[in-house]
Structures are given as C-alpha cells and as structure tokens.
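# Pasting the sequence and the predicted model now:
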Amino acid sequence: MKDIIEIRWHGRGGQGAKTAALLFADAALASGKYIQAFPEYGPERMGAPVTSFNRISSKPILLHSGVANPSIVIVLDPTLVASVDVTEGMPDDGILIINSGKCPSEIKKELGIAGGIKVFAVDASGISKETIGREIPNTPMLGAFVKATGILDFKEMLEDTRKKLEKKFKNKPGVVEGNIKAIERAYAEVRS
Amino acid sequence: MAKGNIVARTGNEAMAEAMRQINPDVVAAYPITPATEIVQIFASYVADGLVSTEFVPVESEHSAMSACIGSSAAGGRTMTGTSSQGLALMAEMLYIAAGLRLPIVLAVVNRALSSPINIHCDHSDTMMVRDSGWIQIFSENSQEAYDNMIQAVKIAEKAAIPVIVTTDGFIISHGMERIEILDDADVKNFVGEYKPKDYLLKLEEPITAGALDLTDYYFEHKRQQIEGFKASKAVILDVAKEFAVIAGRSYGLFEKYRLDDAEIALVAMGSTAGTTKVVVDELRQKGLKAGLLKPRVFRPFPKEEILEALKKLKAIAVMDRSDSMNGHEGPLCAEIKAAFYDIGVNKPVLNYIYGLGGREIRPEDIALVFSELSEVAGGKEKPKVSYLGVRE
C-alpha cells in the first residue's frame, strides 16, 4: 500500500475541507494520477470539526476503507488543535500543514510533536481575507500543500484549479482571480 | 485501453452522467440521502436543456415509482433513483412494475434501514426487495456504477424486467474517483431508440395493463415472469459483451479475482470487494492462496456459475452487509449454502455480517477473516456466523 499517498484534511463545517480535497484530487487527476476524494459524513453543522480525505497513486486505487494513517495532514482552522488530535495515526515522517500565523517550531511545541513529523505553517486566513475578501482558507492551503509536499507541479495545479473555479463561478470572475492570487501567495509564504 | 474521457466523478455524479447520456423519456423522483444528488444533478441537466426528459418531481417515493410505472406502461424509457426508506416506500410499486414487465431502471444508493435511524451504507434496503422481481446489479466503484447504469437500460428493455443498479452509500456515492466516461454518441447508439412492442399509447393496438387476475390466470402469469427472470441471465451477459465493444471493459455475472488457483476465498459485494482485492494481493505475496468472488448480479442469483467458481475451494467466507433477521445468517450466505446443497457438497462456509449502518471495514478486518478461513481450511472449528467489527 506504500505506493498510495494518503491525505487528511481537518476543517470546520463550511470552511471547505471537502471542496479542497475535491479540488486537489481533480488537479492530481489532471496530472495523470489515480485519485480518491471523500469526506467523512457526520452531523453536518456549520463550525463543527470535519475531516475529508484523499488517496493519490500512479496505479488504480482499489481500497475503499477510511484513511487511518495519513502521511500528510492539512489543518484549515488553527483553533481545531485544541479539541482534535490532528496528528492521530500519522507516521513519523509525516507532513503537517497548518493554517496559522505562528511559526512552525512554536506549533510543534504546542502540539507536543517530539518525533520527525515536519510542520509547515501559512496564514491562509489572513491571505484569503486580503485576496478573496473573506476568510476562505481552503484554496490558499492548496498552494501551501503543493509547496510543502511537491506532489504536484505547481503551475499545472494552478491552471487546473483556475479551470474548475471558472466553471463554478461563471458569473463571478473576481472570485476566481482572488482565489488564484491566494494560492500563489500561500505557495510563496508557507514556512517550515 | 482507454476509449473514453478520463474524469473525476463521485458515484452519484457518475450515475447522473450516465442518465444524461441515456436521455430517458421520463424521470420521476423524490430526494433522499445519499441518493439525492443523482436526481438533483439530473434535474439541472433538464433545466439546462441538456436532455429532453420529462422530469416529474413528486411528493414521495411511492408516487415516484407510481409515475414511473405509468410512464413506462405508456411506452416511455423511464428511470429514477432512491435509497433506504425511499426504497421501502416504493416496495409496493416495485412488485407492480416487475409484474407488468416494465423495463424501469432504478439507481439505489445502498443505505441502512431505520430504526435506529442511520444514513450510512449497508445492503439492507436492496435485500428487502430482493424477491420483488427486479434484477439487482451491484457496483464496486464509480466506474462500475456508470457502466452498470448504461447496461441496465438495455438489459431491462431486452428482458422486459426492471433493473436496480446499486452503489454503496457515501463510500461510493460521495467518493470521488478517476473514471472513464464514454462519448455521448457511443452511449446513444448503444442504448438505441426504445421501441416497446406493446404499450398503452399504441392506440392502433390497445392493451390493458394491471387487470384483475384471480385464480384463473394469476399463477400462469407469475410462472411466465419467473421464466423471464431465469432467462435474463443470458440477456445480462449478451449486453455485457456488446458493452465491452464500446467501452473496452468486460463484465460478467460476477468477477473472479485470483480465484482460479485459490484455496480460500471471500465472497463480497460492492465497495468492500475492492478493499478485499488489496488484502488478497498482500496475502498472495506471503504465499497464501487467497481469492475473491464478487457477485455483480445478485438477482437473478447466478447459482450454477457461482458454484462452479467456488466448488474447488477448501473454505469460503461470505460477507453480508445486512442480516436477514432469520435468526441464523445473512442473505448472501443463505443463497450460497443452499446452492451447495443441490450438488451435494458440504463445504466449510463461514458467514460474516459486517458494516451495518456504515461501520468501517478495514483491510485488517478482511485479513482477520482470511486468517480464520485458513484455520478452518486446516480443520479447525469456527463459529458459523460472526459479526465483524462490532463491540460485544
């Protein structure tokens, strides 16, 4: 199963954890990979902790069980770490990417990460407020994710996401540009 | 060999896409989680003018199937979708559709039945209507859901039997995967124009549908229905052959995965079959002769063919994602055991009830089943029925 990369997204209902997983899967598909993207469905309430998942592989993916040991975890909301163990099941060489203005070493201390898990941080909330005009951290986190993991080609991912957003926001071209700018900024600003 | 366009689709999106390409005359539907999206997406195709379908938003699933029966009897190609309680509410009308030999296609996203109320996957809903006279085709993933929907139209119309196509709720219905979509023109040519022989709107040759049929002829008509159902196995295989030509993907009544030289095997339907394949591969690497049989067509039950595929095994585990509440075992297991009786074979068959109400089924759970199966093949005794992944 090692040839499959497993990813977990943490967010709060309404923040776009599901959409981020879908956008990422679509971008990975465009680069020729086999993909899965699926949310964990619980009671659907705005603000409640939610998770969604990806599997990415160069071979067909047959597994249909949940993701228990993600090597990459993305946290869309920094306040989640107070109530959710975001590192649960992660291997020692995992990568954690968090939406936070704090520096990664500080976050590592706060979360009590002693082992080899690499922590990356970017202020996706701040970026989205400046570029999109609202706090929508999921698209900038895509940029940080690609920078931290190198799983996808950044330019290809950006182009594919632009296409998807143009389709979704046919009548709101400003939203598309804001999102693209957010992804670019997060790609440039993410720290480890 | 890729023949179509590679896209990312959830099971629901894939089924809606198939429906768009089929462009049925009528869709009458009522929403229910987790099947809602199928008809919701399809309704947007209707609104956007991408299909010429008459969409009938009704006030319940009973009405949905009633409207489908009216439309199909009138001579229209007819489709709908539902889940769980919705299917339960349709049950009365399902028997009527089957008895009238109406080729309706119904997408069912498998979901547990109340109570307790639950929105997640198990197979209780379609098992509840297993004797309704509908063909039942299970899908492992989004690709199969798409392919099965397209084949279902042709199967239904050729056999004059309505067809249910299933996916596993949320796991497949809301899980996005890479799939191959055929060109619109290929699907259009494949399903062709629907030309029923007899129908209510054929004014030059009027018929009656749904007439009273008492002790005089009811039995004869049921006997014909039973024979038609038996004959549908051949229709399903013929349609699969035709489909392989346009899609490059082959389907049978079931799929054998590393089964021919296997000593122990699981029988599993739906998405769990995929996870089982991964475990089979791992066990094979360790030298264990493990295999899988994945029933695709549960109704009609391909008894002789499944027996042929299973008879050489030392021990078999049948995975049931529902219970029959018969006090002893699950529905799939009962079918398989009954079949073995006919050929006088008494083989160790273990039954595992799993995944009720969406309970997670992990590769480790399946590996545990294989390990118990190995012990049984080696002569050990194990409980006939186990409940996998439940807290006792």
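Received the coordinates, thanks. Just so you know, these numbers come straight off a predicted model, no measurement behind them. Numbering: from 1, shown residues only, chains lettered A, B, ... in the order given.

# who in chain A is up against chain B?
Within chain A, the positions near chain B by Cβ under 8 Å from any Cβ of the partner chain are A:1, A:22, A:25-26, A:29, A:33-39, A:41, A:60-66, A:68. Any C-beta I mention is one placed from the backbone N, CA and C, and that applies to glycine too.

# In helices, which of those residues appear?
Residues of the residues of chain A next to chain B located in helices (DSSP state H): A:22, A:25-26, A:29.

# Of the residues you listed - the most surrounded one?
Neighbour counts for those peak at residue A:25, which has 27 neighbours (criterion: other Cβ atoms under 10 Å in any protein chain shown).

# Could you pull up the contacting residues of the residue nearest to residue A:57 when sequence neighbours are not counted?
Nearest residue to residue A:57, sequence neighbours excluded (Cβ to Cβ, 6 or more residues apart in numbering or on different chains): residue A:4, at 4.4 Å. For residue A:4, the contacting residues are A:55-57, A:61, A:63, by Cβ atoms under 8 Å, 6 or more residues apart in numbering or on different chains.

# And the residues you listed, which two are furthest apart?
For these, the farthest-apart pair by Cβ to Cβ is A:56 and A:63; their separation is 12.2 Å.

# So for these two, which residue has more residues nearby?
residue A:56 (24 against 21).

# can you pull up the bridge partners for the more buried one?
residue A:5, residue A:35 (DSSP bridges).

# do residue B:8 as well
residue B:178.

# can you give me the helices in the stretch 151-300 of chain B?
B:184-191, B:218-247, B:272-285 (DSSP state H, counting those that start in this stretch).

# Adding distance to residue A:187 and mean neighbour count, write those out as CSV.
Shown next, in CSV, are the helices of the stretch 151-300 of chain B (distance: least, Cβ to Cβ, whole Å; neighbours: other Cβ atoms under 10 Å in any protein chain shown):
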stretch, distance to residue A:187, mean neighbour count
helix B:184-191, 38, 16
helix B:218-247, 39, 15
helix B:272-285, 34, 21
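
# Could you list the domains of chain B?
When chain B is parsed into structural domains using automatic domain parsing, the resulting residue ranges are B:5-247, B:254-388.

# Now tabulate these in a markdown table and tack on mean pLDDT.
Converted to a markdown table, those look like this (pLDDT from 0 to 100):
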| stretch | mean pLDDT |
| --- | --- |
| domain B:5-247 | 97 |
| domain B:254-388 | 97 |
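
# Which one of the helices of the stretch 151-300 of chain B lies nearest to chain A?
The minimum distance between chain A and the helices of the stretch 151-300 of chain B falls on helix B:272-285, with 4.1 Å, by Cβ to the nearest Cβ.

# The closest one close to chain A?
Yes - for helix B:272-285, a contact with chain A is found by Cβ under 8 Å from any Cβ, at B:272, B:274-275, B:277-278.

# from the chain's centre, how far out does that helix sit?
22 Å (Cα atoms, centre = their mean, to the nearest Å).

# With stretch B:310-320 instead?
With Cα atoms, centre = their mean as the basis, the mean position of stretch B:310-320 lies at 21 Å from the chain mean.

# in that stretch, what's buried?
B:310, B:313-320 (16 or more other Cβ atoms under 10 Å in any protein chain shown).

# hmm, who's touching it?
Under Cβ under 8 Å, 6+ apart, the answer for stretch B:310-320 is B:123, B:262-269, B:272, B:276, B:291, B:293, B:329-333, B:336, B:343, B:345, B:347-354, B:369-370, B:372-374, B:376-377.

# hang on, the earlier thing: now distance to residue A:94 too, for the residues of helix B:272-285 next to chain A, in CSV please.
As requested, those are exported to CSV (distance: Cβ to Cβ, whole Å):
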residue, distance to residue A:94
B:272, 27
B:274, 25
B:275, 23
B:277, 26
B:278, 21
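
# Give me the phi and psi for the residue positioned nearest the centre of chain A.
By Cα atoms, centre = their mean, chain A has its centre lying nearest to residue A:74, at 4.6 Å. Phi and psi for residue A:74, reported as degrees, to the nearest 10, are phi -120, psi 130.

# helices or strands next to the helix or strand harbouring residue B:19 in the packing?
Taking DSSP states H and E as the definition, residue B:19 sits inside helix B:11-22. Secondary-structure packing of helix B:11-22 (3 or more Cβ pairs under 8 Å, 6 or more residues apart in numbering or on different chains; DSSP states H and E): helix B:36-47, strand B:78-82, strand B:105-110, helix B:142-159, strand B:163-168, strand B:176-181, helix B:184-191.
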